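Undergrad: Let's see this in three dimensions:
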Amino acid sequence: MNDIVKEAVSAPGMLDSESELWGGVILRQMKGDSDVQAMITVRKKMPARTSNQLFSDVFAAVYIDTYWTSQGASADILATSLAAAMGISQVDALQYARVSFRQWRGILCRKYPGDGGAIPSPNYFNALDIVTSQVLVLTPRELIDHWDSTVNPPKAGVNYAYARCQNLGFEGEISGIKVRMFAVPAGFTQTASSWVQCRTRDGDQEEGNILDRNGHPAKLTTGERGASEAFVADLPLGHVCLVATITDADFFTKNNPLTIEQGNWNFVTWLINNGAAAWRNVNTVPKLGETSLVFHNQDGTPEQFSFVRRCCTNPEQGETPLSPNKFTPQPPYKDGPAC
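TA: Down below sits the predicted model:
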């Protein structure tokens, strides 16, 4: 049992501190209470000075599975529960809920240097915590001790890939932490089912463990860091994307893109709202000549796609053709001045 939960269990009366509030909410969640049931129970033990915003923040983190959708956490769902349990207006509850979901609290896989868990993320395609090492096997200790290093750029063929993460702002122990790793062809709006799932080097599993510095399954309290075991990523020549998604045993179990219903799912929206997922663009060789990009219309609804291309090496008024194979080719796209 979490130390913070033990503290809440032993507390004879009011949940006087922020840590006791976290422990009380985690305890109710572990006992199987719904979020509204837990809110009513915990609120009775809260001193009057406890802010409604803190109350909302803690529930947003502990009951994240309740509020999670295919595009991120829903402030509307949280607000409905807050209004029902606290007797406040839906408008006020929605304000608290929106503020709560602007900050990630839980397992964070950094999307960029300095990522502090802001939601939506301002940057999403160059994840610092997806690490490649070609065929060099790295230990969790090495990955954690070199926290801001991305090690070796990938090569075409077999590479080892890893994910790092940390407990950011969740005042309790998170355990049973698992990661999935995917290789994604360059392109647009692909369904997650089209992603290539990497498997672990040891055990050939679709999910890998997040480990502590000593190589044991990680149990992360606030600020503690972990790293995954190695995944085997067989990468093609050219441009490819690596995606990591992280779940844990108790709080955030729904972070599996393979379970998202078919439709025109916006994976960018999902990604920038998801602190426990990361995306890294990599190139196994310099990009030369023609490059193919894949995009999908994910349902039967007719769609229009527009493309914006920025070229840094073309001379002014230079032409670069954009030639789709399955649609009527348009005249060559004329770029503006070189950037």
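
Undergrad: Please enumerate the strands of the stretch 201-339 of the chain.
TA: 208-211, 225-228, 231-235, 239-247, 277-283, 294-295, 319-320, 333-334 (DSSP state E, counting those that start in this stretch).

Undergrad: Looking at the ones you listed, spot the one closest to Ala73.
TA: For Ala73, the closest of these is strand 277-283, at 12.6 Å, according to Cβ to Cβ. C-betas here are computed from N, CA, C, even on glycine.

Undergrad: Centre of the chain to the closest one, how far?
TA: 12 Å (Cα atoms, centre = their mean, to the nearest Å).

Undergrad: Now do it against strand 239-247, angle only.
TA: 160 degrees (axes from the mean of the first three to the mean of the last three Cα atoms, to 10 degrees).

Undergrad: List the contacts of strand 277-283.
TA: 109-111, 124-127, 129-130, 132, 153-154, 163, 235, 238-246, 255, 257, 270-271 (Cβ atoms under 8 Å, 6 or more residues apart in numbering).

Undergrad: And that strand, what's buried?
TA: Across strand 277-283, burial judged by 16 or more other Cβ atoms under 10 Å covers Ala277, Ala278, Trp279, Arg280, Val282.

Undergrad: mind checking how far the first one is from Pro257?
TA: Just to be clear, that refers to Ala277. 8 Å (Cβ to Cβ, to the nearest Å).

Undergrad: Give the residues shared as contacts by the two.
TA: Val243, Thr245, Trp270.

Undergrad: Residue ranges in this protein under the pLDDT threshold?
TA: Low-confidence segments of the chain (pLDDT under 70): 1-13, 187-189, 262-264, 285-339.

Undergrad: hmm, try it at 50
TA: 287-290, 298-300, 326-339 (pLDDT under 50).

Undergrad: longest strand anywhere in it?
TA: Ranked by residue count, the top strand of the chain under DSSP state E comes out as strand 157-168.

Undergrad: now that strand: how far from the chain's centre is it?
TA: That offset, for strand 157-168, works out to 13 Å (Cα atoms, centre = their mean).

Undergrad: which residues does the residue positioned nearest the centre of the chain bridge with?
TA: Per Cα atoms, centre = their mean, the C-alpha nearest to the average position across the chain is that of Ala277, at 2.1 Å. Beta bridges link Ala277 to Thr245, judged by DSSP bridges.

Undergrad: I figured Ala97 hits Thr66, correct?
TA: No. The pair Ala97 / Thr66 is not scored as a contact, 12.0 Å apart, by Cβ atoms under 8 Å.

Undergrad: Spit out the residues that contact those two alike.
TA: With Cβ under 8 Å, 6+ apart, Ala97 and Thr66 have no common neighbours.

Undergrad: picking up where we left off before, from the shared contacts of Ala277 and Pro257, pick the one nearest Arg213.
TA: Nearest to Arg213 among the shared contacts of Ala277 and Pro257, with distances taken as Cβ to Cβ, is Thr245, at 22.6 Å.

Undergrad: Please work out how many residues are found near the closest one.
TA: Other residues lying near Thr245 total 24 when counted by other Cβ atoms under 10 Å.

Undergrad: Enumerate every residue touching it.
TA: So Thr245 contacts Val179, Arg180, Phe182, Asn255, Asn256, Pro257, Asn274, Ala276, Ala277 (Cβ under 8 Å, 6+ apart).

Undergrad: ok, now how distant is it from Glu207?
TA: 10 Å.

Undergrad: Kindly report the same for Gly24.
TA: From Gly24 to Glu207 the distance is 31 Å (Cβ to Cβ).

Undergrad: more neighbours, the two?
TA: Gly24 (26 against 19).

Undergrad: can you tell me which residues contact the nearest residue to Arg102 once chain neighbours are set aside?
TA: Closest residue to Arg102 apart from its sequence neighbours, by Cβ to Cβ, 6 or more residues apart in numbering: Ile119 at 5.5 Å. By Cβ under 8 Å, 6+ apart, the contact list for Ile119 reads Gly72, Phe101, Arg102, Gln103, Trp104, Ile272, Asn273, Gly275.

Undergrad: what's the burial count for the first one?
TA: Neighbours of Gly72 under the rule other Cβ under 10 Å: 18.

Undergrad: now swap in the third one and tell me
TA: A count of neighbours around Arg102, defined by other Cβ under 10 Å, yields 12.

Undergrad: Would you agree it is in contact with Ala118?
TA: Yes. Using Cβ under 8 Å, Arg102 makes contact with Ala118 at a distance of 6.9 Å.

Undergrad: before we move on, back to that, who wins for most neighbours among the contacts of Ile119?
TA: Gly275 leads the contacts of Ile119 on contacts (other Cβ under 10 Å) with 29 neighbours.
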